[in-house]
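Engineer: Curious how this folds, go ahead:
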Amino acid sequence: MGKRYNDAQKTFDPQTEYPLEEAVKMVKENATAKFDETIELHFRLGIDPRHSDQQIRTTVMLPNGTGKTVRILAFVDESEASIATAAGADIIGTDEVIDNIRNGWLEFDTTIATPPMMRKIGPIARTLGPRGLMPSPKAGTVVQAEDLERVIGELKAGRVEFRNDKTANLHIPLGKASFEYDKLLENVQAVVNAVQSARPSGIKGIYIRRVVLTSTMGPGVKVSGIN
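Structural biologist: As a prediction, the model looks like this:
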């Protein structure tokens, strides 16, 4: 670890859990890299990801956005392309774009599709799926044509998808270190509420085992009081 990381870690006890408000302040103050670091929440869950009824995949609307420009790829019919573009989609999923993805091109952050297009993009599901880029009804990214404008607007404004990994963890970006403290705290609280609301009905025992707040280059701060 570098000197900046070690110096930041000396400002708190890595073994102590801190109230959410205090943890946000500490992580923000310790995000001193030469670029605008992303702030993230990491959850260790008490789910068993081998069971389908304990999978978590949903979204959260960050009240103050992500601080990041989101590049949206829209898989829509030709007649709907102008609607998607006007709503803010950056790329339309033409046959050429699908071929480019098949060959490894992935210069976008999220995707959206209308139901009829799902069959067309099936051949690239193995490319998009492992990277979390495959449109999904559970994530609200497979939508009817009349909902394109609304959903694209939400994605641009700060709607974030999250899902557990194979080791029962969640990793959720929620803003930038340059955000004002109050706005960052609002985003953090929105994420916590969304994760708590996503508790699977099939889980028994402890749901949220550990929560850590961190920045891109900074040490993680354990958070107390979240279950």
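Engineer: Please count neighbours and contacts with C-alpha atoms only from this point.
Structural biologist: OK.
Engineer: So the closest residue to Gln55 other than its chain neighbours versus Arg131, what's the distance?
Structural biologist: Nearest residue to Gln55 in three dimensions, chain neighbours excluded: Pro49, at 5.8 Å (CA to CA, 6 or more residues apart in numbering). Distance, Pro49 to Arg131, using CA to CA, to the nearest Å: 17 Å.
Engineer: What segments of the chain are strands?
Structural biologist: Counting by DSSP state E, residue ranges of the strands within the chain are 17-18, 38-45, 57-61, 72-75, 91-92, 110-113, 159-163, 169-176, 208-215, 221-223.
Engineer: Quick check: buried residues in the last one?
Structural biologist: Which is strand 221-223. Val221, Lys222, Val223 (16 or more other CA atoms under 10 Å).
Engineer: Could you list every helix and strand in contact with it?
Structural biologist: If contacts are counted by 3 or more CA pairs under 8 Å, 6 or more residues apart in numbering; DSSP states H and E, strand 221-223 sits against strand 17-18, helix 20-30, strand 208-215.
Engineer: mind running it again at 10 Å?
Structural biologist: Contact partners of strand 221-223 among helices and strands, from 3 or more CA pairs under 10 Å, 6 or more residues apart in numbering; DSSP states H and E: strand 17-18, helix 20-30, strand 38-45, strand 208-215.
Engineer: And the average pLDDT for the last one is what?
Structural biologist: Read that as strand 208-215. Mean pLDDT, strand 208-215: 96.
Engineer: Stretch 137-144 now?
Structural biologist: Stretch 137-144 comes out with an average pLDDT of 90.
Engineer: Ends of that stretch, what's the gap?
Structural biologist: End-to-end distance of stretch 137-144 (CA to CA): 11 Å.
Engineer: hmm, who's touching it?
Structural biologist: 56-60, 74-76, 110-118, 133-136, 148, 150-152, 155, 160-163 (CA atoms under 10 Å, 6 or more residues apart in numbering).
Engineer: let's see it at 8 Å
Structural biologist: Surrounding stretch 137-144, the residues in contact under the criterion CA atoms under 8 Å, 6 or more residues apart in numbering are Arg57, Thr58, Thr59, Thr111, Ile112, Ala113, Thr114, Pro115, Pro135, Ser136, Val151, Glu161.
Engineer: For the chain, give me the ranges with low pLDDT.
Structural biologist: Scanning the chain for pLDDT under 70 picks out 1.
Engineer: per-domain residue ranges of it.
Structural biologist: 3-65+159-223, 72-157 (automatic domain parsing).
Engineer: Off-centre distance for the first one?
Structural biologist: Which is domain 3-65+159-223. 11 Å (CA atoms, centre = their mean, to the nearest Å).
Engineer: Likewise for stretch 217-227?
Structural biologist: Distance of stretch 217-227 from the chain centroid (CA atoms, centre = their mean) equals 17 Å.
Engineer: How about that stretch, which residues are buried there?
Structural biologist: With burial defined by 16+ other CA under 10 Å, the residues of stretch 217-227 counted as buried are Met217, Gly218, Pro219, Gly220, Val221, Lys222, Val223.
Engineer: Which among the strands of the chain is found nearest to Met26?
Structural biologist: For Met26, the closest of the strands of the chain is strand 221-223, at 7.9 Å, according to CA to CA.
Engineer: strands paired with the closest one, and their directions?
Structural biologist: Within its sheet, strand 221-223 is paired with strand 17-18 (parallel), strand 208-215 (antiparallel), according to DSSP bridges.
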